[in-house]
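Q: Provide a 3D model corresponding to the input given below.
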Amino acid sequence: MSGRLAIAVAILLASCSAAEARTTLDNPEWCPVELGPRKYTFTAYQPTHRLETFCEALPDLGPTIIAVEPSPELRDMWIEVRILHDVARHDLSEVTQANTEFYVAPKKYPSGVVNIEHDFKSAGKFFVVVRAVSDDNSKRYQGVHSFSVGQDYAPYMVLAYKSLVVIGVLAAGFWMWRERRQHS
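A: Prediction:
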């Protein structure tokens, strides 16, 4: 009886789709980034994936909308956003000009959302650097979030997961067949 239960559970787990896996892995509520003592949320959208939002792995090159939403306490501060190509990340101040993919000059966002429309032309790893500065310059915060573009591994992870489930089901079936054969 326990063998049948194991097979049923394995089949149930194998029915997980790539979209369900992406939703679990890239839920925008899981994309908070520290910005000093506060946080901001990073969410990305791509027209080729209309109903999906992304956090760490944007699957395609091309037009992308990135929403950066600082927490309400930061809305009266000057917000600057910079998207950088992945670098050694030892000191971001030294590499910002050379590796800048997109730049949003400091501005106040009373609505709380910085919308960035950008056309990614090359695949790779990137950082979004958000800086918040108070009017009197007494408070300065910086937050960094890494993400990839055009390197979506989620479908491959789901394929590998399903392959392992199938191998597990086959192994369980073989084990059950062998047990029956030994007892007959």
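Q: Going by C-alpha atoms from here, please, whenever you check contacts or count neighbours.
A: Fine.
Q: Can you tell me the element Met176 falls in?
A: Applying DSSP states H and E as the criterion places Met176 in helix 154-183.
Q: my guess is His129 contacts Ile79, does it?
A: Small correction: residue 129 is Val, not His. No: applying CA atoms under 8 Å, one finds Val129 not in contact with Ile79, separated by 10.4 Å.
Q: okay, and the common contacts of those two?
A: Residues touching both Val129 and Ile79 (CA atoms under 8 Å, 6 or more residues apart in numbering): there are none.
Q: Can you pick out the residue with more neighbours from those two?
A: The residue with more neighbours, out of Val129 and Ile79, is Ile79; 24 against 19, by other CA atoms under 10 Å.
Q: Quickly list what that one is bridged to.
A: Judged by DSSP bridges, the bridge partners of Ile79 are Lys107, Ala132.
Q: do the same with Thr64
A: His118.
Q: for the helix holding Met176, the distance to its chain's centre please.
A: Offset of helix 154-183 from its chain centre (CA atoms, centre = their mean, to the nearest Å): 30 Å.
Q: So, low pLDDT: which residues of this protein?
A: 1-30, 87-96, 152-161 (pLDDT under 70).
Q: Going along the chain, name the helices of it.
A: Along the chain, the segments classed as helices by DSSP state H run 2-14, 18-25, 92-95, 154-183.
Q: Which residues lie in contact with Thr41 in this structure?
A: Pro28, Glu29, Cys31, Pro32, Val33, Ala67, Val68, Glu69, Pro70, Ser71.
Q: Tell me how far it lies from Asn137.
A: Between Thr41 and Asn137 the computed distance is 23 Å (CA to CA, to the nearest Å).
Q: Check Ala105 too.
A: According to CA to CA, Ala105 stands 16 Å off from Asn137.
Q: Break the protein down into its domains, please.
A: 1-24+154-184, 31-152 (automatic domain parsing).
Q: roughly how far out does the last one sit from the chain middle?
A: Pointing back at domain 31-152 there. On CA atoms, centre = their mean, the centre of domain 31-152 falls 12 Å from the chain's centre.
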